[in-house]
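K.L.:
no sequence for this one, just the structure:
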């Protein structure tokens, strides 16, 4: 199932760790603080626990949003940048 | 239907306009560049056209993600900040 991972993290070190974890799970960096990609139930739970452990009590907001195929067909997007968002963390 | 609006906009003036438009549509500011709330089909199309007009050719990434109730129950979120994210744009 497709998922969006969206996060609000000021600390550079922590944000990089979250960024690397998303990459490790094969997610695509679609916006500065948003990843997108396929996760099954187990991997969603697993990556969430990893995020939880990484974040601990540090300041952060993070959400994992599952999007079924039906909803995914209704997604509306705009992208006026050239490259697809693959900047650094 | 619930929707997430997620954007990547460097220009402060444009980001503020997008921020205000989301507020005008009754969406809740859940993360620095993410809003969340109820939109029906027409208002999704309407707000998307407004975003498109505001953004024009300026540098921006924006996505509107519909999330049905079934998927919404699977959303996982972390928030270690005190306040719910109601900072400025």
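P.N.:
Now that the structure is in, tell me what you want to look at. Nothing here was measured: the structure is a model prediction, and the numbers come from that model.
K.L.:
got the residues of chain A near chain B?
P.N.:
By C-beta under 8 Å from any C-beta of the partner chain, the part of chain A that sits against chain B consists of A:4, A:6-8, A:30-34, A:44, A:48, A:51-52, A:55, A:57-68, A:70-71, A:74-81, A:85. To be clear about C-beta, it is placed using only N, CA and C from the backbone, and glycine gets the same treatment.
K.L.:
Tell me where chain A has helices.
P.N.:
A:12-24, A:41-55, A:69-72 (DSSP state H).
K.L.:
Please, a PyMOL command that selects the buried ones among the residues of chain A next to chain B?
P.N.:
Buried subset of these, written as a PyMOL selection, criterion 16 or more other C-beta atoms under 10 Å in any protein chain shown:
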select buried, chain A and resi 4+6+7+8+30+31+32+33+34+44+48+51+55+60+61+62+63+64+65+66+67+71+75+76+79+85
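K.L.:
The residues of chain A next to chain B in strands, which ones?
P.N.:
Secondary structure from DSSP state E places A:4, A:6-8, A:30-31, A:34, A:61-67, A:76-79 of these in strands.
K.L.:
OK, contacts around residue A:81?
P.N.:
With contact set as C-beta atoms under 8 Å, 6 or more residues apart in numbering or on different chains, residue A:81 has these partners: B:59-61.
K.L.:
Tell me the spacing between it and residue B:9.
P.N.:
Using C-beta to C-beta, to the nearest Å, one obtains 10 Å as the distance from residue A:81 to residue B:9.
K.L.:
With residue A:53 instead?
P.N.:
Noted for residue A:53: a distance of 31 Å to residue B:9, by C-beta to C-beta.
K.L.:
More neighbours: those two, which one.
P.N.:
Taking neighbours as other C-beta atoms under 10 Å in any protein chain shown, residue A:53 and residue B:9 compare with residue B:9 leading, 24 against 9.
K.L.:
Skipping adjacent residues, who's closest to the more buried one in space?
P.N.:
In space, and not counting its chain neighbours, residue B:9 is closest to residue B:15: 4.2 Å by C-beta to C-beta, 6 or more residues apart in numbering or on different chains.
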